[in-house]
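> Here is a sequence with its predicted model. Questions after.
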Amino acid sequence: MAPEEVFTRCVFAFIMIFAAFFSWGRWVTLVLGLLFLLSAFQGICVTCIIYKKYFQKENPSNNPS
């Protein structure tokens, strides 16, 4: 599994677990589920883009300097 997929699943899991402790948590879970389905149908992954931009280590072999 790609690192950005692991990151996405962990972010969603932590948010859903945290939301379970509140009365409005089911709405958070519903919205996250809809966003997850929408991203799957559209073929874009916003959390993957965030991961690649902020958390992915640069490969020294791709660095021209």
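Good, I have the coordinates.
> low pLDDT regions in the protein?
58-65 (pLDDT under 70).
> can you count the residues close to Ile44?
The burial count assigned to Ile44 is 10, neighbours taken as other Cβ atoms under 10 Å. For every residue, glycine as well, the C-beta is placed using N, CA and C.
> repeat for Tyr51
Neighbours of Tyr51 using other Cβ under 10 Å come to 19.
> tell me which element it falls in.
Of the helices and strands defined by DSSP states H and E, Tyr51 is found in helix 46-54.
> Any figure for the gap between Lys53 and Phe14?
Going from Lys53 to Phe14 by Cβ to Cβ, to the nearest Å gives 20 Å.
> so what's the residue nearest in space to the middle of the chain up against?
In the chain, the centroid-proximal residue (Cα atoms, centre = their mean) is Thr8; its distance is 2.6 Å. Contact analysis of Thr8 by Cβ atoms under 8 Å, 6 or more residues apart in numbering lists Cys45, Thr47, Cys48, Tyr51.
> Tabulate those in a markdown table, adding columns for distance to Gly33.
Shown next, in a markdown table, are those (distance: Cβ to Cβ, whole Å):
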| residue | distance to Gly33 |
| --- | --- |
| Cys45 | 15 |
| Thr47 | 14 |
| Cys48 | 18 |
| Tyr51 | 20 |
